[in-house]
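J.: below are the sequence and a predicted model for it; my questions follow.
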Amino acid sequence: SEPSRIQNIASCAKNLLAGVVQAHSARLAQNSSPVNLSARSSATVSVQLQAKGKRYWISLLLFALVGALLGEWIGEQNLWIALRYHLYQHLQKILPKKAYAKDTVVILIGDEEYWKGEPAGRVPIKRDYLAKLVQALNELDPAVIALDFDLRSEPSDREYAAETEKLARAVKVAAQQRSVVLPKTIWLDESEQYSLEPDVVDRFDLGPVRRGYIALPFEQLRIALTIPLKGGGSIDSLAEAIVRARNERALQSLPARSEALFAGYLSAEAFTQVPAGQILGTNTSKYKSEISHQIVIVGAAWHILGFDRGSLVDTYNTPAGKMSGVFIHANYVEALLDRRVYRPMAKPLAVAVEAVLLAVLAVLFAIKLHRAVKVLLLLVCVAFVVFISFFAFTAFGVFYDFFTPLFSVIAHYAYEVVKGWRRDASLYRQQHGVL
């Protein structure tokens, strides 16, 4: 439980402080002669701490608050997002349970299909082409067919009415035999509430089709999950709708929807990938063993400016590197099914860890120790924070983002060093009469 974890952290801090005090007292005793031993022994740590006065402790508290707020702001601005992603991915690698993609196959519409094939580089993508893909995949007997494409209604929809109808018919036929998940458009209004937007297939009878929004979180560590809608109701994410179709019990162990969850990430190469052109080819039976009874997600993998020109469409930075959105949805699906879902450390517990660090630093900089010893103890504090992150992740499946407290520790140390330099400079000027 969180109270017991806070007690354990407090105990660790107490032991660390006791070690500092004991080492300091031992150094005093070792360096003292019998003549002045009693006098120097009286300069105990408690006396040194009391001698600092209220001004020191108030300024320390203010600095800690400013440092924590600044570190939190830097974290929210994702200024060190690449480092966080790198840390998160390495933490997953040390887990005893090795992850791999066992349920999901990704069908990619790449440059060959999009620019040279039937889609002909059109935006929006031709819906009768998607209809042919759905029909071909249906023949290969997958468990779930999901489309990761924007199907929102546009003023030009009338121009594409015939191909939209073909897509709707193909989806309805497939939905009679297996689960089909289609994207649903959502909108975040000025009041920070979500609502549903019309899609091109809304007016058709699609049968038992599931819907899920394809918008991704700003930070790809977090799993897109069910969101409440303005006026009541809710909408699943595409990944959650897929998992619900495949094995709804996998969602029962999830914490409260209000709690952010982090997904375990696999590289794009970890997934079975099949070019869409191969699915529409003449010899599709060879893919049946890979696709049969699997989850199939169809997504985009073409370049924006032309065949092999510009960047890939719909790509994002993730803990596993830059990848297309379809692979992020696939990662969410695999993480939910395999229960590789991690909670961020609860705020009170994270605050307790930071409070422990501040207490140790307060004593560290208040007592008289050699600078090398202080640096060593600073490194111990850093190691303690990293250990907390490692232990929480491996033992409890809780991700502790230590960049914010680590920033506070380093900033505090830098502040104390600079303040010491200024104090020494002021003392030098006084002794030598320098203005």
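T.: Thanks, I have it. Numbers count the residues shown, from 1 in each chain.

J.: CA only for contacts and neighbour counts going forward, please
T.: Will do.

J.: ok, then the element right after whichever strand or helix holds R246?
T.: If you go by DSSP states H and E, R246 is part of helix 238-247. Later in the chain than helix 238-247, the nearest helix or strand by DSSP H and E is strand 262-263.

J.: just how off-centre is that next one within its chain?
T.: Distance of strand 262-263 from its chain centroid, counting by C-alpha atoms, centre = their mean, to the nearest Å, is 6 Å.

J.: just checking, what packs against that strand?
T.: Counting by 3 or more C-alpha pairs under 8 Å, 6 or more residues apart in numbering; DSSP states H and E, the packing neighbours recorded for strand 262-263 are helix 325-337, strand 341-344.

J.: of these, which shows the lowest average pLDDT?
T.: If you rank those by mean pLDDT, strand 341-344 sits at the bottom with a mean of 78.

J.: picking that back up, mean confidence for the helix holding R246?
T.: Rounded mean pLDDT across helix 238-247 is 96.

J.: buried set for it?
T.: 238-246 (16 or more other C-alpha atoms under 10 Å).

J.: same question for stretch 169-186.
T.: Going by neighbour count (16+ other C-alpha under 10 Å), the buried part of stretch 169-186 is 169-175, 178-186.

J.: please narrow those to those residing in helices.
T.: 169-175 (DSSP state H).

J.: G321: which of the residues you listed is nearest?
T.: For those, the residue nearest G321 by C-alpha to C-alpha is V171; the value is 33.0 Å.

J.: quick check: that closest one touching S179?
T.: No - at 9.8 Å, V171 does not count as touching S179 under the criterion of C-alpha atoms under 8 Å.

J.: please name the residues that touch the closest residue to P217 other than its chain neighbours.
T.: Counting by C-alpha to C-alpha, 6 or more residues apart in numbering, P217 lies nearest to A224, which is 6.2 Å off, once chain neighbours are set aside. Counting by C-alpha atoms under 8 Å, 6 or more residues apart in numbering, A224 touches 216-217, 237, 239-240, 332.

J.: with distance to L151 as extra columns, can I get the ones in helices among the buried residues of stretch 169-186 in TSV?
T.: As requested, these are arranged in TSV below (distance: C-alpha to C-alpha, whole Å):
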residue	distance to L151
R169	15
A170	15
V171	13
K172	16
V173	19
A174	18
A175	18
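
J.: got the CA positions of stretch 131-139 in CSV?
T.: C-alpha atoms of stretch 131-139 as CSV (Å, rounded to 0.1, in the frame of the first residue of the first chain):
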residue,chain,number,x,y,z
ALA,A,131,-13.4,-1.7,-49.4
LYS,A,132,-11.3,-4.1,-51.5
LEU,A,133,-8.9,-4.5,-48.7
VAL,A,134,-11.6,-5.3,-46.2
GLN,A,135,-13.1,-7.9,-48.6
ALA,A,136,-9.7,-9.5,-49.2
LEU,A,137,-8.9,-9.6,-45.5
ASN,A,138,-12.2,-11.1,-44.8
GLU,A,139,-11.3,-14.1,-47.0
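
J.: now it, how far from the centre of its chain.
T.: Centroid displacement of stretch 131-139 relative to its chain, using C-alpha atoms, centre = their mean, is 34 Å.

J.: go on, stretch 102-116?
T.: Counting by C-alpha atoms, centre = their mean, stretch 102-116 comes out at 26 Å from the chain centroid.

J.: tabulate the CA atom coordinates of that stretch in CSV.
T.: Taking C-alpha atoms only, stretch 102-116 is exported to CSV below (Å, rounded to 0.1, in the frame of the first residue of the first chain):
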residue,chain,number,x,y,z
LYS,A,102,1.7,-12.4,-30.8
ASP,A,103,-1.8,-11.1,-31.6
THR,A,104,-1.5,-8.3,-34.1
VAL,A,105,-0.6,-8.1,-37.8
VAL,A,106,-0.2,-4.7,-39.5
ILE,A,107,-1.3,-4.2,-43.1
LEU,A,108,0.6,-1.3,-44.6
ILE,A,109,-0.4,0.9,-47.5
GLY,A,110,3.0,2.1,-48.5
ASP,A,111,4.5,4.1,-51.4
GLU,A,112,4.1,1.3,-53.9
GLU,A,113,0.3,1.1,-53.3
TYR,A,114,-0.5,4.7,-52.5
TRP,A,115,1.5,6.5,-55.2
LYS,A,116,1.8,3.9,-57.9
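
J.: mind listing residues that contact that stretch?
T.: With contacts defined as C-alpha under 8 Å, 6+ apart, stretch 102-116 is touched by 119-121, 271-277, 290-291, 294-303, 306-308, 326-327, 330, 333-334.

J.: which one of the helices and strands packed on strand 262-263 is the most hemmed in?
T.: The highest mean neighbour count among these, using mean count of other C-alpha atoms under 10 Å, belongs to helix 325-337: a mean of 26.

J.: just the angle for that helix relative to helix 238-247, thanks.
T.: What separates the directions of helix 325-337 and helix 238-247 is an angle of 50 degrees, with axes from the mean of the first three to the mean of the last three C-alpha atoms, to 10 degrees.

J.: helix 325-337 packs against which elements?
T.: Using 3+ C-alpha pairs under 8 Å, 6+ apart, helix 325-337 is in contact with strand 104-110, helix 238-247, strand 262-263, strand 295-301.

J.: restrict the longest one to CA atoms and write it as PDB.
T.: Output for helix 238-247, consisting of C-alpha atoms alone and laid out as PDB, is shown next (Å, rounded to 0.1, in the frame of the first residue of the first chain):
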ATOM      1  CA  LEU A 238      -9.300   2.300 -31.400                       C
ATOM      2  CA  ALA A 239      -7.000   0.000 -29.400                       C
ATOM      3  CA  GLU A 240      -9.500  -0.500 -26.600                       C
ATOM      4  CA  ALA A 241     -12.300  -1.200 -29.100                       C
ATOM      5  CA  ILE A 242     -10.000  -3.800 -30.700                       C
ATOM      6  CA  VAL A 243      -9.100  -5.400 -27.400                       C
ATOM      7  CA  ARG A 244     -12.800  -5.400 -26.400                       C
ATOM      8  CA  ALA A 245     -13.600  -7.300 -29.600                       C
ATOM      9  CA  ARG A 246     -10.800  -9.800 -29.100                       C
ATOM     10  CA  ASN A 247     -10.900 -10.400 -25.300                       C
END
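
J.: now do that helix: distance to the chain's middle.
T.: On C-alpha atoms, centre = their mean, the centre of helix 238-247 falls 20 Å from the chain's centre.

J.: list the contacts of that helix.
T.: Defining contact as C-alpha under 8 Å, 6+ apart, one finds that helix 238-247 is touched by 143-144, 146, 179, 181-183, 210-214, 224-226, 250-251, 295, 329-330, 332-333, 336-337.
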